[in-house]
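Novice: A predicted structure for the sequence below; I have some questions about it.
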Amino acid sequence: MTTTTLAVLVPLLPSLGAVTGLLLGRTAPGFVRPLAVLPTLAAFALAVVVAVRQGGDQAVDAATELTPTGSVPIELALHIDGFAALVAVLVGLVASCVQIYSTGYLRDDPRYPSYAALVSLFTSAMLLVVYSGDLIVLLVGWEIMGICSYFLVGHYWETPEARAASIKAFLVTKLGDVPFLIGLFALATDAGSFRITKVLGTVASGGLDHPTLIALLLLAGVAGKSAQFPLHTWLPDAMAGPTPVSALIHAATMVAAGVYFIARLLPVFQASSAAMVVLAVMAAVTMAGSGLAALAQDDIKRVLAYSTIGQLGYMTGALAVGDRGAAVFHLLSHGAFKALLFLTAGVIIHASGTNSLAAMSRMKDLRARVPDAYWTMTVALLALIAIPPFSGFFSKEAVLGAAEHVAIGHTEHAPGAAGWIVLVAGLVSAVLTAAYATRLWLLAFRGRGVEAPDHGRQPLTMTAVLWVLAVPSLALGLAYGPLPDWFDGRDLAPVLTTSVLGTGLALVGVIVTYGAWQHTRTLAAHTPLGAVAAHPDADAGLVEAEAIASHAPAYEDVAYTPDPADPGRLLLGPLHRHAAVGFHLDAVYTALFVRPVQAGAALVQFLDREVVDTYVRGAAALPRWLGEAVRRAQTGNVQTYVSALLAGAVVLVVAALLVATGA
């Protein structure tokens with residue numbers, strides 16, 4: 001088969017598996033799991049073949065006109081460069097691992113057939129985004145992912161948290177998609193085509209008339225899809241869905257789509273220095289804010305969600321300094337270790353038989369009970385912290401090195417201000433990342449919370465996947481050496497200055513957090529739990545962590561005893577209360593948008609009921625009254641009718657005589 005044919009099959013196979021799985025889910029349930037796993041595995045294998053054939057050389061392009069539009073044509077096009085080839089491999093790997101993992105994680109779930117089909121469709125949509133060479137076809141995959149996320153996040157629709165989270169995810173991302181769509185149309189109008197190659201050709205020749213406006217409109221969509229400030233608030237709440245879904249969304253689909261889109265069209269953004277600075281500021285605020293928020297969360301999945309937001313900030317920061325090679329490199333590395341982090345969290349939750357173990361303050365003695373999750377999560381957290389030689393070190397260092405290169409004025413691809421903004425924020429975020437990752441590890445595996453019921457050994461399909469993902473989490477960072485052609489030939493080797501700074505600051509974060517943990521353990525050991533909870537400085541601690549930071553209910557079958565040794569409270573101090581609720585951004589949005597909309601809806605309802613309906617009721621009243629009068633005249637009494645007839649005849653005779661006399 002040709003490379004083009006294989007590339008077409010990559011997104012097609014999971015979509016066919018989704019349709020077939022939905023059709024056979026009730027009639028032939030035994031086929032559901034093979035139809036979930038095998039098409040996705042086949043798509044992964046074909047993606048690897050396509051990547052090998054592409055080899056990082058000249059992009060593979062093919063197109064056919066999809067439909068005549070009368071103006072700008074829409075084409076079914078492929079554009080597979082080194083970035084697309086590698087990202088498709090990542091999507092196939094993570095999706096395959098998620099499908100295999102889900103066969104054990106959701107083995108007793110009655111809605112597994114629809115879940116598996118939606119995961120396959122989700123995967124197909126992301127692969128369509130990755131391989132598409134036409135912006136409208138890319139938009140189709142972009143929107144399919146949005147609706148799939150709505151259904152998957154709301155999988156446990158019986159719970160109000162899942163219902164609210166799915167609606168919030170859908171609405172916030174759609175809020176960004178409106179300006180995104182306008183930006184696509186404006187871009188195609190200037191370029192005369194939706195084809196990515198033609199758009200980039202127009203940019204190279206200086207043919208864009210409104211580069212800043214177009215770039216900012218597109219950034220709004222990227223901020224929503226990739227959960228960047230200020231449209232990031234949906235992602236932590238989306239943890240109400242099944243944990244494998246979280247792994248898929250955070251590692252290889254949905255949130256990665258926005259970063260990948262900017263990487264595809266980076267010259268469009270580079271045409272506007274203002275847009276690049278805005279992108280840098282957005283990345284910086286996202287990195288710092290998400291790191292602080294992660295340090296205050298009690299739910300392990302919410303910590304990982306804020307971690308994803310921050311790591312996406314690194315990727316957009318790399319794009320803000322004009323280095324899409326570093327951005328995609330970190331996207332690949334992050335995809336491996338973040339999928340591993342979520343799936344290990346799923347093993348921890350599954351081991352307890354209840355979602356409530358997601359709260360880290362409740363965890364106790366998990367190292368011995370889930371050894372596979374312990375060791376693989378340790379590997380993933382070291383990659384997240386960016387400790388060499390784990391993959392996160394090399395990819396994060398590529399971002400910091402690119403920012404330093406721009407900051408000191410060695411490139412014209414991005415403003416120097418963008419370089420300084422990204423560099424400083426990236427170094428600050430390195431400390432925060434190390435702090436919240438260390439805190440997570442200490443509370444999860446060395447915590448002193450409640451003893452959860454032991455539900456036995458986890459299914460092999462779950463634990464085996466963890467070790468598969470541990471390999472790229474450890475070694476993928478070394479890809480900067482043998483795979484430079486896939487990254488525009490960019491040298492991604494670590495730079496001494498930023499390597500020392502980044503690693504040094506990460507170690508500082510680890511040491512300080514460990515010291516704070518030891519200090520809080522010492523205090524807790526000499527203070528009764530009730531006194532700790534009642535202490536005036538602890539009100540933002542034990543109680544707040546339960547009421548605000550954690551969205552998981554208490555154990556149904558055991559008494560809850562929180563672990564007071566939480567270093568996050570000591571490190572954040574008075575800021576903890578605000579960081580635990582995402583710095584009240586949801587409250588701000590409620591005041592600025594939700595309440596005015598509700599007030600407007602109430603006003604419209606009042607006007608409709610009290611004003612419009614009054615006129616409608618009034619218009620109906622007169623005919624009703626006339627009808628009532630006529631109805632009363634219809635008595636059914638023949639004598640009454642004859643009397644009325646004679647009276648009428650008399651009146652007519654009298655009237656006729658008067659007329660004749662007058663004449």
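Specialist: Yep, it's here. Residues are numbered from 1 along each chain as shown.
Novice: tell me the mean pLDDT over the helix or strand residue 46 falls within?
Specialist: Residue 46 is part of helix 32-54 when elements are defined by DSSP states H and E. Averaging pLDDT along helix 32-54 gives 94.
Novice: can you list contacts of it?
Specialist: With contacts defined as C-beta atoms under 8 Å, 6 or more residues apart in numbering, helix 32-54 is touched by 3, 6-7, 9-11, 13-14, 16-17, 20-21, 24-25, 60, 80-82, 85-86, 88-89, 91-93, 95-96, 99-100, 102-103, 112-113, 116-117, 119-120, 123-124, 127. All C-beta atoms are positioned from the backbone trio N, CA, C, and that covers glycine.
Novice: residues contacting the residue lying closest to residue 112 once chain neighbours are set aside?
Specialist: Distance criterion C-beta to C-beta, 6 or more residues apart in numbering; nearest residue to residue 112, sequence neighbours excluded, is residue 106 at 4.9 Å. Contact analysis of residue 106 by C-beta under 8 Å, 6+ apart lists 112, 115, 242, 244.
Novice: sitting in helices, which of the contacts of helix 32-54 do you find?
Specialist: Taking DSSP state H, the ones among the contacts of helix 32-54 that sit in helices are 3, 6-7, 9-11, 13-14, 16-17, 20-21, 24, 82, 85-86, 88-89, 91-93, 95-96, 99-100, 102-103, 112-113, 116-117, 119-120, 123-124, 127.
Novice: any stretches of the stretch 251-400 of the chain with poor pLDDT?
Specialist: For the stretch 251-400 of the chain, the stretches flagged by pLDDT under 70 are 352-357.
Novice: go again with 80.
Specialist: 350-359, 361-366 (pLDDT under 80).
Novice: where do the helices sit along it?
Specialist: Secondary structure of the stretch 251-400 of the chain (DSSP state H, counting those that start in this stretch): helices at 255-264, 266-270, 273-294, 300-320, 324-352, 366-369, 371-385, 391-407.
Novice: quick one: which of those is nearest residue 627?
Specialist: helix 255-264 (62.6 Å; C-beta to C-beta).
Novice: which elements pack onto the closest one?
Specialist: Applying 3 or more C-beta pairs under 8 Å, 6 or more residues apart in numbering; DSSP states H and E, we find helix 255-264 packed against helix 82-105, helix 112-131, helix 135-153, helix 211-225, helix 300-320, helix 324-352.
Novice: hmm, who's touching that helix?
Specialist: Here helix 255-264 has contacts from 83, 87, 126, 129-130, 138, 142, 145, 196, 218, 221-228, 235, 249, 269, 279, 308, 312, 315-316, 319, 324, 327-328, 331, 335, using C-beta under 8 Å, 6+ apart.
Novice: if you set the cut-off to 6 Å instead, what comes out?
Specialist: 83, 87, 129, 222, 225-227, 312, 315, 319, 324, 327-328, 331 (C-beta atoms under 6 Å, 6 or more residues apart in numbering).
Novice: if we can go back for a sec, can you put the helices of the stretch 251-400 of the chain in TSV and add distance to residue 359 and mean neighbour count?
Specialist: Listed next are the helices of the stretch 251-400 of the chain as TSV, based on distance: least, C-beta to C-beta, whole Å; neighbours: other C-beta atoms under 10 Å:
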stretch	distance to residue 359	mean neighbour count
helix 255-264	24	25
helix 266-270	40	22
helix 273-294	15	23
helix 300-320	8	29
helix 324-352	10	28
helix 366-369	13	16
helix 371-385	16	23
helix 391-407	26	28
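Novice: number of residues surrounding the closest residue to residue 93 other than its chain neighbours?
Specialist: Distances taken as C-beta to C-beta, 6+ apart place residue 44 nearest to residue 93, at 5.8 Å, with adjacent residues excluded. Around residue 44 there are 24 other residues, counting by other C-beta atoms under 10 Å.
Novice: just residue 658 next, same as before
Specialist: Every residue meeting other C-beta under 10 Å relative to residue 658 is counted, giving 10.
Novice: what helix or strand is it on?
Specialist: Going by DSSP H and E, residue 658 is part of helix 638-662.
Novice: residue contacts, residue 229?
Specialist: So residue 229 contacts 282, 285-286 (C-beta under 6 Å, 6+ apart).
Novice: what do you get if the cut-off is 10 Å, keeping everything else the same?
Specialist: 223, 281-290, 309, 313, 316, 585 (C-beta atoms under 10 Å, 6 or more residues apart in numbering).
Novice: ok, of the residues you listed, which one's closest to residue 55?
Specialist: Closest to residue 55, out of all of the contacts of residue 229 and judged by C-beta to C-beta, is residue 316, at 28.1 Å.
Novice: with adjacent residues omitted, what lies nearest to the closest one?
Specialist: Among residues not flanking residue 316 along the chain, residue 283 sits closest, at 4.2 Å (C-beta to C-beta, 6+ apart).
Novice: repeat that for residue 507.
Specialist: With C-beta to C-beta, 6+ apart, the residue lying closest to residue 507 is residue 434, at 7.2 Å.
Novice: just confirm that neighbour is within a strand.
Specialist: No: Residue 434: not assigned to a strand; according to DSSP: H, G, I helix; E, B strand; the rest coil it is helix.
Novice: from residue 475, how far out is it?
Specialist: Distance of residue 434 to residue 475, given as C-beta to C-beta, to the nearest Å: 21 Å.
Novice: of the two, which one has the most company?
Specialist: residue 434 (27 against 14).
Novice: any idea how far residue 170 lies from residue 151?
Specialist: From residue 170 to residue 151 the distance is 10 Å (C-beta to C-beta).
Novice: returning to that earlier point: can I get the helices of the stretch 251-400 of the chain in TSV with distance to residue 646?
Specialist: Below are the helices of the stretch 251-400 of the chain laid out as TSV (distance: least, C-beta to C-beta, whole Å):
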stretch	distance to residue 646
helix 255-264	88
helix 266-270	93
helix 273-294	92
helix 300-320	91
helix 324-352	93
helix 366-369	103
helix 371-385	103
helix 391-407	105
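Novice: residues of stretch 567-587 that come out buried?
Specialist: Of all the residues in stretch 567-587, those buried under the rule 16 or more other C-beta atoms under 10 Å are 567-572, 576-577, 579-582, 585-586.
Novice: stretch 78-87: end-to-end distance?
Specialist: End-to-end distance of stretch 78-87 (C-alpha to C-alpha, to the nearest Å): 14 Å.
Novice: that stretch: how far from the chain's middle?
Specialist: 22 Å (C-alpha atoms, centre = their mean, to the nearest Å).
Novice: ok, stretch 615-628 next?
Specialist: 55 Å.
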